[in-house]
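# I'll drop the sequence and a predicted model, then ask my questions.
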Amino acid sequence: MSAELWILVATAVLAVVAISAAVIAVRAARRVAPLAQAPVDTPAPQPSTDLAVLEPMPQVDHVELEPRLVEGRLVVPPSQQQVVNTALGRPGVRLSIFAHGLAHALRAESRDRITAMMRREYRRRRRERLQAGRRAVRAGRPTPPSDQWLGS
Amino acid sequence: MKSRVVWFVAGSAAGLYASVKARRAAYRLSTPGLVDQAAALGLGWRAFSSELRDGMETRERDIARELSGATADHTDLLRLEAEHTQKDHT
């Protein structure tokens, strides 16, 4: 088979697939259209004109448990701070915190800011170094007085 | 004549561009250039560490707040935004 024939067959297959996909899409659209056009019986909610009243949230008091004797043993319940510190010290939590910090530092904004800062620092140092070099050359080879060319 | 002028201008521009690039590359590979790059790298590392610490502290505060059952506030976000604005200005 020649190359032209292969291309013809491939194009025909592609056309059949495209037509089939189009027919399926049209059928699906017809099936969905009646559902979308069905009238909604529930009336649209009217915006309320009443003034909103802010109600204070109920305050939850953290009651620290007192040490007590359980079966002859003194049990001292940990404080809230101790619980938090213990939870924060777990390896999984530490890893999660580190991963969050890493993600925070590698955000696009941070990345761009840091790279721009590095570029600016490099260029500033280079400029200062070149200026210092030019100053040194000028100091080592002083230019003649400016009024010499006037012939005075 | 016009073609010669065009070629002359193109050649001059290419030569200028190449000489600037070559000078910068030579500086980058020289000892002062390497020192400057190391200094810039150090600055970048410090900024990165600062960002890392910021993110870790934010996460730690979130976890502590969740554990203690306190209501969420957005003072951290406002503080971070203010710090970043200040950093951008400097």
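Structure received. Numbering: from 1, shown residues only, chains lettered A, B, ... in the order given.

# chain B contacts on chain A?
A:57, A:60, A:62, A:80, A:83-84, A:87-88, A:93, A:96-98, A:100-105, A:109-110, A:113-115, A:117-119, A:121-122, A:125-126, A:129 (C-beta under 8 Å from any C-beta of the partner chain). Every residue, glycine included, has its C-beta placed from N, CA and C.

# in helices, which of those appear?
When DSSP state H defines the helices, the subset of the residues of chain A next to chain B inside them is A:80, A:83-84, A:87-88, A:93, A:96-98, A:100-105, A:109-110, A:113-115, A:117-119, A:121-122, A:125-126, A:129.

# which of those residues count as buried?
Buried by 16 or more other C-beta atoms under 10 Å in any protein chain shown: A:84, A:93, A:97, A:100-101, A:104-105, A:110, A:113-114, A:117-118, A:121-122, A:125-126, out of those.

# for chain B, see how far away residue A:8 is.
48 Å (C-beta to the nearest C-beta, to the nearest Å).

# number of nearby residues for that residue?
12 (other C-beta atoms under 10 Å in any protein chain shown).

# what is the mean pLDDT for the helix or strand containing it?
Secondary structure assigned from DSSP states H and E places residue A:8 in helix A:3-37. The average of the pLDDT scores along helix A:3-37 is 86.

# how far does the helix or strand that that helix is followed by sit from its chain's centre?
Downstream of helix A:3-37, the first helix or strand assigned by DSSP H and E is strand A:68-70. For strand A:68-70, the separation from the chain centroid amounts to 50 Å (computed by C-alpha atoms, centre = their mean, to the nearest Å).

# what of stretch B:11-29?
24 Å.

# can that stretch be said to contact chain A?
Yes. Shown here: stretch B:11-29 in contact with chain A (C-beta under 8 Å from any C-beta) through residue B:27.

# residues touching the spatially most central residue of chain A, list them.
For chain A, the residue nearest the mean C-alpha position is residue A:107 (5.4 Å; C-alpha atoms, centre = their mean). Neighbour list for residue A:107: empty [criterion: C-beta atoms under 8 Å, 6 or more residues apart in numbering or on different chains].
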